[in-house]
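Engineer: Only the shape, not the letters, is given here:
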């Protein structure tokens, strides 16, 4: 499998964990009936499209991506071709080649992100006028990846710098995640 494939597989796992941890619960409730069986009712949907209203990171202009040191021709929507309900995701390879930048847009708040037990080393940031937080994965002992979550009007945008494992870490993923966040923040909704 290519290094890009390994990166994408890692993203699929990360987003899958995010989706489950973000509170996506079962929309049904079991209610006992007089006959002793359980009737299932479905909670009303708030929207026909769970992604409606989310900012799409794939809408970032190629010129902004290039100026930030990302290769627009490597853009990949979703995670390994999988669309996770309630999230919009886009990924690019850096021109430095040793890392990729993924941006996730979803409804969890910064408070939700801070409560996640699978993350640690939370450091508050300000990106423009927005509240943000930098953090690491508990399971990433070699510190190959780094996240910056930025508050949006609806949820957060999460910037993830992920080391390309076949090349290896050639810098600080947190410095790269912060730099890209700062450089691309003016394209976030409400800016």
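Structural biologist: Thanks, I have the structure now. No experiment lies behind these values; they were computed from the predicted model shown.
Engineer: Can you tell me the number of residues neighbouring residue 176?
Structural biologist: Neighbour count of residue 176, defined by other CB atoms under 10 Å: 24. Using the backbone N, CA and C atoms, a C-beta is placed for each residue, glycine as well.
Engineer: ugh, wrong one, residue 68
Structural biologist: Neighbours of residue 68 using other CB under 10 Å come to 19.
Engineer: My read is that it contacts residue 184, right?
Structural biologist: Yes. Counting by CB atoms under 8 Å, residue 68 does reach residue 184; the two are 6.0 Å apart.
Engineer: Going along the chain, name the strands of the protein.
Structural biologist: In the chain, the strands defined using DSSP state E lie at 28-32, 38-42, 70-77, 87-94, 99-106, 119-127, 130-137, 145-151, 156-163.
Engineer: Nearest to residue 56 among these would be which one?
Structural biologist: strand 87-94 (4.8 Å; CB to CB).
Engineer: And the average pLDDT for stretch 76-93 is what?
Structural biologist: On average, the pLDDT along stretch 76-93 is 81.
Engineer: so where's the chain shaky on pLDDT?
Structural biologist: The chain contains residues with pLDDT under 70 at 1-52, 79-84, 191.
Engineer: switch to 50 and redo it
Structural biologist: The chain contains residues with pLDDT under 50 at 1-48.
Engineer: Please verify my assumption that residue 148 contacts residue 124.
Structural biologist: No. In this structure, residue 148 is not within contact of residue 124 by CB under 8 Å, at 11.0 Å.
Engineer: mind putting the strands of the chain in TSV, mean neighbour count included?
Structural biologist: Formatted as TSV, the strands of the chain follow (neighbours: other CB atoms under 10 Å):
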stretch	mean neighbour count
strand 28-32	10
strand 38-42	10
strand 70-77	16
strand 87-94	22
strand 99-106	26
strand 119-127	14
strand 130-137	20
strand 145-151	25
strand 156-163	26
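Engineer: Distance to residue 175 added to the ones you listed, as JSON lines?
Structural biologist: Listed next are the strands of the chain as JSON lines, based on distance: least, CB to CB, whole Å:
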{"stretch": "strand 28-32", "distance to residue 175": "45"}
{"stretch": "strand 38-42", "distance to residue 175": "46"}
{"stretch": "strand 70-77", "distance to residue 175": "15"}
{"stretch": "strand 87-94", "distance to residue 175": "12"}
{"stretch": "strand 99-106", "distance to residue 175": "11"}
{"stretch": "strand 119-127", "distance to residue 175": "12"}
{"stretch": "strand 130-137", "distance to residue 175": "10"}
{"stretch": "strand 145-151", "distance to residue 175": "8"}
{"stretch": "strand 156-163", "distance to residue 175": "8"}
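Engineer: Any idea what the closest residue to residue 122 other than its chain neighbours is bridged to?
Structural biologist: The shortest distance from residue 122 to any non-neighbouring residue, by CB to CB, 6 or more residues apart in numbering, is to residue 135 (4.8 Å). Beta-bridge pairing of residue 135 under DSSP bridges involves residue 147.
Engineer: who's in contact with residue 135?
Structural biologist: The contact partners of residue 135, by CB atoms under 8 Å, 6 or more residues apart in numbering, come to 113, 114, 119, 120, 121, 122, 123, 146, 147, 148, 149.
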